[in-house]
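S.K.: Take this sequence and fold it.
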Amino acid sequence: MISQRIMTYNRLLEIINRFNLYADMRRKSTTEDVVDRMRESIKFQTISANVVDKTGRPSTATIAFTVSFEGEKPEVVQQVANVLASLYLEENLKSREEKSAGASKFIEEEGKQIQAQLADLDGKIAAFKSSNLNSLPELTQFNLQTLQRSDQEIDQLNNQLRSLKEKESSLLTQLASVPQDLANPDKERLKELRARIVSLRTRYSEEYPDVVKTKQEIAELERRLGSARQQTALGGQSDNPAYIALSAQLAGVRSDINSVNKQISDTRNRRESYRSRIESGPRTEEQYKLLIMERNNLQAKYDDLMKKGMEARVAQGLEKTQMGERFTLIDPARLPEEPVSPNIPAVLLLGLILGAGAGVGTASVREFSDKSAHSPEDLERITQLNVLALIPEIETQEDREKRKKKRKLILIISGVAVVCGLLIFHFLIMDIDILIAKIMRRLAL
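M.R.: Got it, this is the predicted structure:
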């Protein structure tokens, strides 16, 4: 990620312009090609080591990296390498700050979402409790105890009801044997008069004074007794105290019976209500546990997120104060003392081999292609004739002048070759100053 930021077109072009890199190439090629050339000249290598992670398992971690740059001038290469190292340090710090800030923001937004989910879930739990108030798991024991008490109350009320009905039956029996009204003299007198009127009618006519008088007295008694019965019927009360007392007891017992029946009905309804709560308890408990489990999981997630948020804020603060983990420059770029390419010993060895081969090859070709005679034996072999005499080479003044000019030309060419070799060595292989410094350091040792 950091390398991608540093290897951008604009960044590399800025470095190229700053240090005037690839001047010849910039005149002949496009800017894109020049930037690609610089990308190829930058090398990034990581250094890994075996470490143990938090779980105790061995793993491999990158502990360092090296950044190098290949160029033609040692001083410029050193400066460019230092600039690249500075860019890596800056981008690392910026990247860590952005990462910690992004992590804090993400955790904050995620925390708000979880808080909203917790509030919504708390509302669902409250609504569930409200709609299933009497069948919640924590009320199961209470419902069982109440159901047991209801059964006991119903048994007690049934016993009480049986006792009251027995008492009612006893009172009805007693009430049947007690007259509603007390003994009345008029009734007795009426009986006597009715018996007497029957006896008088057998002996006398209807107009007989005793018969008329008895009839009048009977009529008067019947009138009075009828009026008394009518008043008793209208008043609904008996004039017999014993009857009245038994009637009052019977009314009380019947009232108690009605009350007990109502209590039994209410208790049975209450018992059925608690039985229904107990029967729906397992289903309610399962739903309630699911809600509580979801809430606990969400709360644990929120707590863990808040912990990570605290760690992210601490990390962000450390990054701002540059006290957190960051890249540290261990070894700055040094001035190159020898080129990485070409390989001088290999080039010299290859040149020596090629030179020797070229010399041997040239001599061999010349030897086989030369048909002239260089000795008397060669001449005799070619002509098949005997040689009589040898005439030595005659050197004239002109030949001597040509030889001197040739020697001077060889000296001039050798001097030019030495100078060109030094220039090539300085610009392509190693700076002469560096070579002198290395020689002086070797001599000092």
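
S.K.: Which stretches in the stretch 251-400 of the chain count as helices?
M.R.: 344-369, 376-383, 397-424 (DSSP state H, counting those that start in this stretch).

S.K.: which stretch in those helices is the model least sure about?
M.R.: Sorting the helices of the stretch 251-400 of the chain by mean pLDDT places helix 344-369 lowest, at a mean of 60.

S.K.: what helices or strands is the helix or strand residue 199 falls within leaning on?
M.R.: If you go by DSSP states H and E, residue 199 is part of helix 185-203. If you count contacts as 3 or more C-beta pairs under 8 Å, 6 or more residues apart in numbering; DSSP states H and E, helix 185-203 packs onto helix 209-235. Every C-beta, even on glycine, is put in place using the N, C-alpha and C of the backbone.

S.K.: for the record, mean pLDDT for the helix it packs on?
M.R.: Here the average pLDDT along helix 209-235 is 74.

S.K.: do the same with stretch 158-177
M.R.: What stretch 158-177 shows for mean pLDDT is 88.

S.K.: Check the secondary structure at residue 46 for me.
M.R.: Under DSSP: H, G, I helix; E, B strand; the rest coil, the three-state class of residue 46 is strand.

S.K.: Distance of it relative to residue 275?
M.R.: In this view, residue 46 and residue 275 are 74 Å apart by C-beta to C-beta, to the nearest Å.

S.K.: Which residue of the two possesses the greater neighbour count?
M.R.: The residue with more neighbours, out of residue 46 and residue 275, is residue 275; 13 against 9, by other C-beta atoms under 10 Å.

S.K.: mind checking how far that one is from residue 287?
M.R.: 20 Å.

S.K.: ok, now residue 220?
M.R.: 88 Å.

S.K.: now swap in residue 55 and tell me
M.R.: Relative to residue 287, residue 55 is positioned 38 Å away (C-beta to C-beta).

S.K.: Of those two, which one has the most company?
M.R.: residue 287 (12 against 6).

S.K.: correct me, but the more buried one touches residue 128?
M.R.: Yes - using C-beta atoms under 8 Å, residue 287 makes contact with residue 128 at a distance of 6.9 Å.

S.K.: Flag every buried residue along the helix holding residue 199.
M.R.: 190, 193, 197, 200 (16 or more other C-beta atoms under 10 Å).

S.K.: Report the two of these separated the most.
M.R.: 190 and 200 (15.3 Å; C-beta to C-beta).

S.K.: got the contact list for stretch 204-215?
M.R.: Under the contact criterion C-beta atoms under 8 Å, 6 or more residues apart in numbering, stretch 204-215 has outside partners 193, 196-197, 200-201.

S.K.: ranges for the strands of the chain?
M.R.: 42-52, 58-69 (DSSP state E).

S.K.: By mean pLDDT, point me to the weakest helix or strand of the protein.
M.R.: Within the chain, no helix or strand scores below helix 344-369, which has a mean of 60 by mean pLDDT, DSSP states H and E.

S.K.: How many residues are close by residue 81?
M.R.: 21.

S.K.: My guess is it contacts residue 67. True?
M.R.: Yes - using C-beta under 8 Å, residue 81 is in contact with residue 67, at 6.6 Å.

S.K.: centroid residue for this structure?
M.R.: The centroid of the chain falls nearest to residue 301 when counting by C-alpha atoms, centre = their mean (7.1 Å).

S.K.: Can you check the pLDDT for that residue?
M.R.: 86.

S.K.: What count of nearby residues applies to the residue lying closest to it once chain neighbours are set aside?
M.R.: Spatial nearest neighbour of residue 301, excluding adjacent residues (C-beta to C-beta, 6 or more residues apart in numbering): residue 114 at 6.2 Å. Applying other C-beta under 10 Å, we find 17 residues neighbouring residue 114.

S.K.: Tell me the spacing between residue 114 and residue 122.
M.R.: 12 Å.

S.K.: And for residue 406?
M.R.: Taking C-beta to C-beta, one finds residue 406 at 110 Å from residue 122.

S.K.: So for the two, which residue has more residues nearby?
M.R.: Legend: neighbour count by other C-beta under 10 Å for residue 406 and residue 122, higher for residue 122 (13 against 10).

S.K.: so that one sits right up against residue 294, yeah?
M.R.: No - judged on C-beta under 8 Å, residue 122 makes no contact with residue 294 at a distance of 11.1 Å.

S.K.: Based on its surroundings, how many neighbours for residue 383?
M.R.: Look at residue 383: counted by other C-beta under 10 Å, it has 10 neighbours.

S.K.: Now do it against residue 377, distance only.
M.R.: Separation of residue 383 from residue 377 (C-beta to C-beta): 11 Å.
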